[in-house]
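Engineer: Any chance you could fold what I've pasted below:
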Amino acid sequence: MANTKEFLEDAQGRLCAVATIKPIDLKRHEVVTSIMADTFKERDRLIEFKKSIWLRVQDFLAESAKDSGAKKYGGAKGNVTLTSFDGKFKVMVAVNDTIQFNEKLQVAKQLIDKCIASWSEGANENLRAIVDDAFNVGKSGLVSTSRVLGLRRLNIKDPTWKKAMDAITESMQVASSKTYMRFYKRQSDGSYKQIPLDVANL
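Structural biologist: Sure thing, here's the model as predicted:
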């Protein structure tokens with residue numbers, strides 16, 4: 001087995017004798033790997049920091065709910081903003097779901113098409129354009145979530161339309177969730193400035 005101190009793997013996975021590698025290439029490798037080692041340590045530290053913040057906020061919400069006699073505080077998702085007594089600091093915690101649709105979305109589209117076909121011509125051509133745009137598949141191979149959900153806000157009383165909206169609701173699935181934590185400090189003019197600390201992707 002080759003001595004790893006005498007050999008270094010290159011980008012193609014080949015073992016190269018350290019003695020044959022240029023000193024500047026070895027130095028570059030050393031700098032990059034040492035920086036990345038520190039980067040991974042910092043990432044792990046931030047992950048623990050995020051967990052700690054989440055637990056501390058949830059503990060406070062539970063205590064606050066108990067104190068006020070409420071069953072739950074901060075909404076169904078736990079979205080909440082906490083502000084210090086002096087108003088200098090603000091902490092915001094939010095959970096953002098990414099929605100995708102299953103095969104029932106096609107059922108909704110068929111019902112909507114049935115509605116439009118049964119209605120009179122004219123103004124419904126505009127609605128047809130809105131519907132076709134909502135169900136148009138984008139470059140990522142997915143339909144626009146906001147446009148599809150926007151159809152549910154249309155005030156249409158037709159029973160078939162309502163069934164279509166129910167089908168849209170049933171087709172919705174949570175693909176992923178991200179917890180956002182934002183930290184703010186109040187400025188001299190009374191506004192809040194966010195402290196740049198991105199932990200959403202951790």
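
Engineer: per the record, what domains does the protein have?
Structural biologist: For the chain, the structural domains run 1-73, 76-202, going by automatic domain parsing.

Engineer: Pick the most buried one from the ones you listed.
Structural biologist: Most buried of these by mean neighbour count (mean count of other Cβ atoms under 10 Å) is domain 76-202; its value is a mean of 13. Where C-beta positions appear, they are placed from N, C-alpha and C, glycine not excepted.

Engineer: for it, what is the average pLDDT?
Structural biologist: Domain 76-202 shows a mean pLDDT of 83.

Engineer: Which residues does the spatially most central residue of the chain form beta bridges with?
Structural biologist: Most central in the chain under Cα atoms, centre = their mean is Lys178, positioned 4.3 Å from the mean C-alpha point. Under DSSP bridges, the beta-bridge partners of Lys178 are Asn96.

Engineer: Tell me if I'm right that it and Val95 touch.
Structural biologist: Yes. Lys178 lies in contact with Val95 (Cβ atoms under 8 Å); the separation is 7.3 Å.

Engineer: Quick check: end-to-end length of stretch 99-106?
Structural biologist: End-to-end distance of stretch 99-106 (Cα to Cα, to the nearest Å): 16 Å.

Engineer: can you check stretch 98-108 too?
Structural biologist: End-to-end for stretch 98-108, by Cα to Cα: 20 Å.

Engineer: Run the chain-centre distance for it.
Structural biologist: 19 Å (Cα atoms, centre = their mean, to the nearest Å).

Engineer: Can you spell out which helices and strands pack onto the longest helix along the chain?
Structural biologist: Longest helix in the chain by number of residues, with DSSP state H as the criterion: helix 23-68. With contacts defined as 3 or more Cβ pairs under 8 Å, 6 or more residues apart in numbering; DSSP states H and E, the packing partners of helix 23-68 are strand 80-83, strand 89-101, strand 172-186.

Engineer: for the ones you listed, which one sits closest to Phe60?
Structural biologist: strand 80-83 (7.2 Å; Cβ to Cβ).

Engineer: Who does that closest one pair with, and is each partner parallel or antiparallel?
Structural biologist: Sheet pairing of strand 80-83 (DSSP bridges) gives strand 89-101 (antiparallel).

Engineer: how far off helix 23-68 does the strand it pairs with point, in degrees?
Structural biologist: Per axes from the mean of the first three to the mean of the last three Cα atoms, to 10 degrees, the angle that strand 89-101 makes with helix 23-68 is 100 degrees.

Engineer: Perfect, I'm done here.
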